[in-house]
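> Whatever this is, show me its structure:
(2 chains, ligands or ions: 2)
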Amino acid sequence: MGRLKTITRRSFLVGSVAIGGGVAFGTYLAMRNLPNPVAATLAPDEASFNPWVLISPEKVTLITPHADKGQGVASAQAALIAEELDIEFGQFEIDFGQPDQAYYNTAMAEEGVPFMSTDTSVVAEATRAVMGSAFKILGVQGTGGSTSMPDSFDKLRYAAAIARETLKLAASQQSGVPVDQLTTKEGAVHLPDGSRIAYTALAPLAAELEPVSDVVLRAPSEWRLVGQPMERLDIEGKTTGSTRYGIDVDRDGMLHATVRLNPRKGGVLNGYDASAAKTMRGVRDIFEITNGVAIVADNTWRAFKAAEAIGIDWGPAPYPADQADHWDTLDASFTDDHLDRTWRNDGAVDSAAGNVIEATYRSPYVAHQPLEPLNATVLVTDDQVEVWTGHQMPVFLQQQVAKVTGHDAEAVIFHNHFIGGSFGHRLELDFVKQAAEVANRMRGTPIKMTYSRETDFAQDFPRHISMAKGRGTVADGKVIALDLQIAAPSVITSQMGRLGLSVPGPDIQIAAGAWNNPYSIDNFRLRAYRASELAPTSSWRAVGAPGAGFFFDSLLDETIHAAGADPMAERIRLMTHEVSRTVLETVAEMSDWGAPLAPGQGKGVAFVESFGVPTAEVVLVTDTDAGIRIDAVWVACDVGTVIDPVNFENQVEGGVIFGLGHAMNCEITYADGMAEQANYYDHEAMRIWQTPRIFVKGLENGTKVRGIGEPPVPPAAPALANAIFAATGKRIRQMPFNKFVDFV
Amino acid sequence: MKLTVNGTEHDVDVEDDMPLLWVLRDELNLKGTKYGCGVAQCGACTVHLDGQAVRSCQVAAIDASGARITTIEGLAQQDAMQAVQEAWIEHQVAQCGYCQSGQIMQAASLLAERQDPSDDDIDNAMGGNLCRCGTYPRIRAAIHTAAQKLQGT
Ligand code: FES
Ligand code: FES
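Ligands and ions are numbered 1, 2, ... in the order given. Okay, here's the model as predicted:
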């Protein structure tokens, strides 16, 4: 058994260890003896090691622990490793790895700190570091907050570079050729005489060596893969129908289950009558679970059908039954005792002199509803639990499942899968707990629990609602002051509360996308108010920024119009942050901002910074007899480094469509404690015929690498509202917009 | 009852009204066809019945018996399909990919009817196929590319 040797690289350690005839290179945590994901193959004293590169005599495997829900991150993680390892796509396999606390996500923690991403002061950076260690302790191996790339960018490349140099050292010892005469290419070490030794052949020897610590990451000018268009590793399977998602899992002897849960989320089950359902064909069992009833059958459709045949008496909702009360709660929350934090207080808003406009804005509950319905397959035996599903929080999943079944967390084996969309939905664990509850009752039988689409809608924890009151002051054709107040229930409290965790301090998401805007407005105040908890909510793609970004940018746009200024020119004038200003200037140029428009046309611009990515969008609409048609969208954003320009463009297009579509026609409303929307016909978002031409430009002036999964979403809604105003003179202050205008 | 799927005849013992979708997925273990909504709203379950794109969640098993059923697994054997799949890979269409079996089945059926579809033809034919990830611009582009490939051959 090899030794674990390590090298400190900034906040993480890189090391190597022998495993099963081969070698693993990876990172580990020095300070804590955390449980190990490959415990079965490692000695006890090596317990906190996390492999990224596994080289056995047979094959090379790259571990890509960030969950892939369509953002292409499995490929991107592999590309970062392959870049430094000198191995080609097609020469390795990928594996999502086992959950482990040491795969903690430093970047995700950094996103939670109350400093602007443009703030690189010592205090801000130090706080980010502290949050990083808090995440270590919580064991957050997570995927979210557009953090996969920031988290992986250095870590993976260092691990791969150290692997490469250690393999070269092994080749040198084996061949007698000095290291400086060796090169690496296509998964092999090349000797001066033209011969090559495959990495796989060097694995046993490399395992015996001290890992080479003296490595330098390649300069961007030397990159072969990063920054180039790649063929995503998952693209072929997703094009031939062969990719297996969680919902496609099939185990020997498996039964199919579904659940009926109180649609008044969190309410109790008073009683039920399953006598008719029990006799239906294929039904194996029906029993009570937490807040609902489980139906087990030999086919998913039979389970769905039996579920509908059960008469159920549900208890009341633990939140206001009707939507109007939710809005009233927010409306009553703009008071000192609800003040969560004054995020900005630049200049002196109250004494700014000029003409004042006032407006109130609303952002509704919106459902996640990725196309793959929530599902999980679980097999419980006395010794262990196996779980097959796609999830963004593997360590929490283990802990929660273990709680349900009474096993130790280490006895929970998790097989992560490609996910058929998430948008935040797969951060939640209730569906996995329900599957575990059913499987625990039926120990020895694998149970695949699938939600019907209707259950998925009814049980979705949507994006939080929020409301804002804004005042804008203008003088001499300029914006002089903005004063924005935002009230919302805390989505973080709701979401973390379901995990039994509480997060101290203000909720950064109430005003995310608004407080952190990098404009220099002379007088700017932003106050966030925390309303009491209403319906349970969860992170929805970009979390707080789609709502708060809409409020801030709409208020800015209205104020600019009140000043009689040009919406683009005035934004650029107010933007002193260099990188962000370039983003605005770029989108102005791309969209030919000043060009004359045809009758009925209108252009709107919006800028929102979220997850450290300044993003500007221009929307062009035409007011037709049949309604508003969205003709084109131009997007410019700065992510520091674009990993794969093709996937980048795809993500931006998708984000714009997601942002526009939900702003057009989606909301969840409550009546009698239940969501009134049951399937896609009630909550449709964008269809292909409504899809505009979208032009994308990724800039690389920022200093940190950033993720692109979320940032294109928030500016879409305000840019559309601003365009509709430009075309029609009608100002829309509330999503969804189809309450006020028709769309073609 | 007997069902002919991708050229193979299967004997299945299911209720007459079990949707074809669930016969394919849970009885025949053909998992490429997806469940998204169950109510003809998303198109994830699209298969071909005698060459026509249909929503398999809306077709009763009994109505499919006697027809030629083609799923994404079977389409790969056909020329039109190869062109579509190649174009889909070329444009790197998929994000989560969950809708793409249905999108591809719908696109193949469009291309069988129209050699060179316009954007309007595409919007009309593909309007029932939801993509929550928003890959629509790439779907449009890939269909045009597939049309060119087919005309070139
Ligand atoms: S599952 Fe058939 S159309 Fe959605
Ligand atoms: S690629 Fe995710 S739903 Fe279409």
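> CA atoms for contacts and neighbours, from now on please.
Will do.
> Doesn't A:Val356 lie inside a strand?
Yes: under DSSP: H, G, I helix; E, B strand; the rest coil, A:Val356 falls within a strand.
> For A:Arg344, see how far away it is.
20 Å (C-alpha to C-alpha, to the nearest Å).
> Also A:Val73?
35 Å.
> same question, A:Phe611
18 Å.
> more neighbours, the two?
Taking other C-alpha atoms under 10 Å in any protein chain shown, A:Phe611 and A:Arg344 do not tie; A:Phe611 has more neighbours (26 against 17).
> Torsion angles phi and psi at the more buried one?
Dihedral pair for A:Phe611: phi 50, psi 30, per degrees, to the nearest 10.
> Just the pLDDT at it, thanks.
Note for A:Phe611: predicted pLDDT of 93.
> got the buried residues for the least confident helix or strand in chain B by mean pLDDT?
For chain B, counting by mean pLDDT, DSSP states H and E, helix B:79-90 ranks last in confidence among helices and strands (a mean of 88). Within helix B:79-90, the residues scored as buried using 16 or more other C-alpha atoms under 10 Å in any protein chain shown are B:Ala80, B:Met81, B:Gln82, B:Ala83, B:Val84, B:Gln85, B:Glu86, B:Ala87, B:Trp88, B:Ile89, B:Glu90.
> got the contact list for the last one?
Okay, so that is B:Glu90. The contact partners of B:Glu90, taken as C-alpha atoms under 8 Å, 6 or more residues apart in numbering or on different chains, are B:Ala142.
> Briefly note if the helix or strand hosting B:Gln148 comes near chain A.
Here B:Gln148 sits within helix B:136-152, counting by DSSP states H and E. Yes: interface with chain A: helix B:136-152 contributes B:Tyr136, B:Pro137, B:Arg138 (C-alpha under 8 Å from any C-alpha of the partner chain).
> among those residues, who's most crowded?
Neighbour-wise, those (other C-alpha under 10 Å) top out at B:Tyr136, 30 neighbours.
> Any stretches of chain B with poor pLDDT?
B:153 (pLDDT under 70).
> Tell me which helix or strand in chain A has the weakest average pLDDT.
strand A:5-9 (a mean of 47).
> is it fair to say A:Val189 lies in a strand?
Yes: counting by three-state DSSP, A:Val189 is found in a strand.
> residues in contact with the residue of chain B found nearest ligand 1?
The minimum distance from chain B to ligand 1, using C-alpha to the nearest ligand atom, falls at B:Ala40 (3.4 Å). Neighbouring residues of B:Ala40 by C-alpha under 8 Å, 6+ apart: B:Arg55, B:Cys57, B:Gln58, B:Gly128.
> so when I look at it, I'm seeing a helix, right?
No: counting by three-state DSSP, B:Ala40 is not part of a helix but coil.
> Which residues are in contact with the spatially closest residue to A:Arg232 that is not a sequence neighbour?
Residue nearest to A:Arg232 in three dimensions, not counting chain neighbours: A:Ser75, with 5.6 Å by C-alpha to C-alpha, 6 or more residues apart in numbering or on different chains. Taking C-alpha under 8 Å, 6+ apart, we find A:Ser75 in contact with A:Arg232, A:Leu233, A:Asp234.
> same check, this time on A:Ala716
Counting by C-alpha under 8 Å, 6+ apart, A:Ala716 has contacts A:Ala606, A:Glu617, A:Val619, A:Val656, A:Gly659, A:Leu660.
> Same check on A:Pro506?
Counted by C-alpha under 8 Å, 6+ apart, A:Pro506 has contacts A:Asp340, A:Arg341.
> Up against chain B, what does the stretch 301-450 of chain A have?
Near chain B, when you scan the stretch 301-450 of chain A using C-alpha under 8 Å from any C-alpha, you find A:Trp301, A:Gln369, A:Pro370, A:Leu371, A:Glu372, A:Pro373, A:Phe418, A:Ile419, A:Gly420, A:Gly421.
> Show only the entries of the residues you listed found in helices.
A:Trp301 (DSSP state H).
> Pick out the most distant pair among the residues of the stretch 301-450 of chain A next to chain B.
Maximum pairwise distance in these, criterion C-alpha to C-alpha, is 23.3 Å, between A:Trp301 and A:Phe418.
> For chain B, which segments count as helices?
Taking DSSP H, the helices of chain B run over residues B:20-22, B:61-64, B:72-75, B:79-90, B:100-113, B:119-126, B:136-152.
> Kindly report the same for the stretch 451-600 of chain A.
A:453-459, A:491-497, A:545-563, A:567-574, A:578-590 (DSSP state H, counting those that start in this stretch).
> Output the ones you listed as JSON lines; include the columns mean neighbour count.
Converted to JSON lines, the helices of the stretch 451-600 of chain A look like this (neighbours: other C-alpha atoms under 10 Å in any protein chain shown):
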{"stretch": "helix A:453-459", "mean neighbour count": "22"}
{"stretch": "helix A:491-497", "mean neighbour count": "20"}
{"stretch": "helix A:545-563", "mean neighbour count": "27"}
{"stretch": "helix A:567-574", "mean neighbour count": "19"}
{"stretch": "helix A:578-590", "mean neighbour count": "20"}
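> quick one, which of the ones you listed is nearest to B:Met18?
With C-alpha to C-alpha, the closest approach to B:Met18 among the helices of the stretch 451-600 of chain A belongs to helix A:453-459: 17.3 Å.
> That closest one vs chain B: in contact?
Yes: for a cut-off given as C-alpha under 8 Å from any C-alpha, helix A:453-459 has contacts with chain B, namely A:Arg453, A:Glu454.
> In chain B, what residue comes closest to chain A?
Nearest residue of chain B to chain A, counting by C-alpha to the nearest C-alpha: B:Cys96, 3.3 Å away.
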